[in-house]
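Asker: coords please:
(2 chains)
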There are 2 protein chains.
Amino acid sequence: MPSELRFLILVEGQFGPLTSKTANSCIRYTPDRVVAVLDSRRAGKTAQDILGFGGAIPVVATLEEGLRPSPPPTALLIGVAPQGGRLPKEWRATILGAIDEGLDVWSGLHTFLTHDAEFVDHATRRGVTLHDLRLPPNDLPVSSGRVRSVDATVVLTVGTDCNIGKMTAALQVRDGLRRQGRAVRFAGTGQTGILIEGWGIAVDAVIADFIGGAAEHLVLEAAKGADIVLVEGQGSLLHPGYSGVTLGLLHGALPHALVLCAQPSREHITNNPWIKIPPLSDVITLHDILTRPLRHAPVIAVCLNTYDLGERAARDAVARAHDDTGLPATDPVRFDPAPIVDAIDTFHRARNTTPHAALA
Amino acid sequence: MPSELRFLILVEGQFGPLTSKTANSCIRYTPDRVVAVLDSRRAGKTAQDILGFGGAIPVVATLEEGLRPSPPPTALLIGVAPQGGRLPKEWRATILGAIDEGLDVWSGLHTFLTHDAEFVDHATRRGVTLHDLRLPPNDLPVSSGRVRSVDATVVLTVGTDCNIGKMTAALQVRDGLRRQGRAVRFAGTGQTGILIEGWGIAVDAVIADFIGGAAEHLVLEAAKGADIVLVEGQGSLLHPGYSGVTLGLLHGALPHALVLCAQPSREHITNNPWIKIPPLSDVITLHDILTRPLRHAPVIAVCLNTYDLGERAARDAVARAHDDTGLPATDPVRFDPAPIVDAIDTFHRARNTTPHAALA
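Answerer: Numbers count the residues shown, from 1 in each chain, chains lettered A, B, ... in the order given. The predicted structure is shown next:
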């Protein structure tokens, strides 16, 4: 990833805590790369105003205005990942304008910029680069459990729903594990994780037969020299649109342990009010039953996303999650991620002090 | 599908009961379309010799020989669906030769003939058509339970493993249900089902985020004017390479009921000897737990694939499956498929005589 990467993030009409996931994670984890956010509806505010983090990063109304800061942006980042991942039609003009102004473009959409003749034509003429974060490798295998040879402890974040904090949970515990002296790799499986980490495979963008193969490939790569691999989870086993990706990732990555992510205030699956989210203990059972025939991966901790609760309600929710599951629980963004860090580190140590036969 | 379709089926080196699935199903269900099978290793034998069905369809050693029968073939069919779905390199010359001889080519591989410049070039010059059975539609949605509005009874075949008889089970009961006066549609989800039926979507070939959307689209189409929709299952919830496709299909199609397919002699997952296939009752529980939060789909019958057992062992296996699960069971190819037909028909009648509230 170029060191001079400075993004103007395009989220026109969609900048908000739940609607601009890619933008928000980029602002949270790589704020130094963000020059401005383009959303005419929110212009004049700051990232802090809208998200509660991100400091003075300004929201601007037009491309022209977004080019003005000094130093100026070097690239336009498409800051949303809408369901279905297609490009909002009304954004074409802004993207073409940015290319013509000499900006690279980074996108995590399913609609690949590099497969769009008009974008490619403009980019070629202006000498800028189009980056499709979700474009998968061509030669993925069908997975077959090759990751079982990996010594590193593989931990996958899973969720009661999509867009609930699976990537964030992994990133929030990463530094804590490093402070405990562990060599940790984060394996990005979605456009945002790939953008932040600089590598990965968007497992939801591969041909369906190769979801597991993509996960397997990722884990094998990430495990090189690592003590612990944190795999970014995708979707949910309960989401009618994404459960296939979720299970393919689970059976391809074959993690040793799972961290379950949930949002206490959420009662139904995103965009599917007909599906009630079951109690945490039922979701844990579901994962147990699906991992046991291949390689059992216990849920060892619960990460809650309490951004929409008051302080007291958030602490109550954490206590309740702990009581209901018997597992360490916290909101690793709002509170200290230590309970999750410790759970993973303890699990890792136990794996490495227990005779391997006992772990089979 | 053209009425003058007469296939020469290319399975070089791979013609056999378990290794040439596409060829075998084409021979079983549409024998009138098959002129000859090309496999130099088995040349001189008949389909009947190799498969136990297919009568006098000859196995030939060369393309030239395959063109000789009268009437001659109109198309070459790629008769295998190898893991990973890529074209065996050594087949290119035969395919190019067939094109140059004026044959269309039908393929169910992941490697699309229509994306291969050399094949396209030869086909264009010779004026023949390349058919990629697995090429998915471009504009699939993310699934969201739209199939819940369908009145038809939707039955999905599921399996303890891949390549175990899920398509065959659906096709074997179809005619029996028609004889009971039901309007039945078969929804093909793999290259072979699509080839036989003339329509469908290969759900394993779509972008992973759209597996459910493909299934949803298929069921909505198939349900038009149908009493019962039989959806061809894919893979297995236990297969590390394909479980994502299996769950995406299950949650996208949202069947009302499932028929479980198993092979009594098979102890481990295909290509994955490290995964033991659990008892049928455990596999039924797994499906129960995964359908219940969305729309519960009970397993209502068990189809066994006993092709590799003697008569007595096959009958014992059927009796044992019935005892172990309490469900109607049979081998619908070897024996009368009536128990499965009756189970589906009884379920369909119960759905239509029970007040809808009771079925919610």
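
Asker: Would you pull up the residue in the stretch 1-150 of chain A closest to chain B?
Answerer: Proximity of the stretch 1-150 of chain A to chain B (Cβ to the nearest Cβ) peaks at A:Val142, 3.8 Å away. Glycine gets a C-beta too; all of them are placed from N, C-alpha and C.

Asker: And for that residue, the neighbour number?
Answerer: Neighbour count of A:Val142, defined by other Cβ atoms under 10 Å in any protein chain shown: 23.

Asker: Which residue comes closest to it once chain neighbours are left out?
Answerer: Nearest in space to A:Val142, with sequence neighbours left out and distances taken as Cβ to Cβ, 6 or more residues apart in numbering or on different chains, is B:Gly241 at 3.8 Å.

Asker: what does A:Asp345 give?
Answerer: That would be A:Gln180: by Cβ to Cβ, 6+ apart, it lies 5.4 Å from A:Asp345.

Asker: what's the pLDDT at that neighbour?
Answerer: Model confidence at A:Gln180, expressed as pLDDT, equals 93.

Asker: ok now do the residue lying closest to A:Asn24 once chain neighbours are set aside, which residues does it touch?
Answerer: Spatial nearest neighbour of A:Asn24, chain neighbours left out: A:Leu51 (5.8 Å); criterion: Cβ to Cβ, 6+ apart. Contacts for A:Leu51 (Cβ atoms under 8 Å, 6 or more residues apart in numbering or on different chains) come out as A:Gly16, A:Pro17, A:Asn24, A:Ile27, A:Arg28.

Asker: so can I have TSV of the residues you listed showing pLDDT?
Answerer: Putting these into TSV (pLDDT from 0 to 100) gives the following:
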residue	pLDDT
A:Gly16	94
A:Pro17	90
A:Asn24	95
A:Ile27	96
A:Arg28	94
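
Asker: and A:Arg182, how many residues sit next to it?
Answerer: Close neighbours of A:Arg182, defined as other Cβ under 10 Å, add up to 19.

Asker: Just say helix, strand or coil for it.
Answerer: Assigned state for A:Arg182: coil (three-state reduction, DSSP: H, G, I helix; E, B strand; the rest coil).

Asker: What of A:Leu258?
Answerer: Assigned with three-state DSSP, A:Leu258 falls in the strand class.

Asker: pretty sure A:Leu327 is touching A:Val299, no?
Answerer: Yes: with contact defined as Cβ atoms under 8 Å, A:Leu327 counts as touching A:Val299 (6.6 Å).

Asker: what sits in contact with each of those two?
Answerer: A:Leu260.

Asker: quick revisit: can you give me every residue that contacts the residue of the stretch 1-150 of chain A closest to chain B?
Answerer: Residues counted as contacts of A:Val142 (Cβ under 8 Å, 6+ apart) are A:Asp209, A:Phe210, A:Gly212, A:Gly213, B:Gln83, B:Gly84, B:Gly241, B:Tyr242.

Asker: what does A:Asn163 give?
Answerer: Applying Cβ under 8 Å, 6+ apart to A:Asn163 gives the contacts A:Leu18, A:Lys21, A:Thr270.

Asker: And the pLDDT for it?
Answerer: Listed pLDDT for A:Asn163 reads 92.

Asker: likewise A:Pro2?
Answerer: Confidence score, pLDDT, at A:Pro2: 56.

Asker: so where is chain A shaky, pLDDT-wise?
Answerer: A:1-3, A:354-360 (pLDDT under 70).

Asker: OK, contacts around the residue nearest in space to the middle of it?
Answerer: Geometric centre of chain A, nearest residue: A:Met167, 3.5 Å, by Cα atoms, centre = their mean. A:Met167 is in contact with A:Ser25, A:Thr157, A:Gly188, A:Gly190, A:Thr192, A:Gly193, A:Glu232, A:Gly233, counting by Cβ under 8 Å, 6+ apart.

Asker: and the gap between it and B:Ile196?
Answerer: Going from A:Met167 to B:Ile196 by Cβ to Cβ, to the nearest Å gives 43 Å.

Asker: Please apply the same query to A:Arg28.
Answerer: Here the criterion is Cβ to Cβ. By it, A:Arg28 lies 51 Å from B:Ile196.

Asker: Next: A:Gly244.
Answerer: A:Gly244 sits 24 Å away from B:Ile196, going by Cβ to Cβ.

Asker: Pick out whichever of those two has more residues nearby.
Answerer: A:Gly244 (36 against 21).

Asker: which residues touch the nearest residue to that one once chain neighbours are set aside?
Answerer: Leaving aside its chain neighbours, A:Gly244 sits nearest to B:Gly248 (2.4 Å; criterion: Cβ to Cβ, 6+ apart). With contact taken as Cβ under 8 Å, 6+ apart, B:Gly248 is in contact with A:Ala208, A:Ser243, A:Gly244, A:Val245, A:Leu247, B:Val203, B:Ala208, B:Ile211, B:Gly212, B:Ala215.

Asker: Can you list the buried residues in the strand or helix carrying A:Asp175?
Answerer: For A:Asp175, the element it lies in under DSSP states H and E is helix A:166-179. Buried residues in helix A:166-179, defined by neighbour count with 16 or more other Cβ atoms under 10 Å in any protein chain shown: A:Lys166, A:Met167, A:Thr168, A:Ala169, A:Ala170, A:Leu171, A:Gln172, A:Val173, A:Arg174, A:Gly176, A:Leu177.

Asker: just checking, next helix/strand downstream of that helix?
Answerer: Downstream of helix A:166-179, the first helix or strand assigned by DSSP H and E is strand A:184-187.
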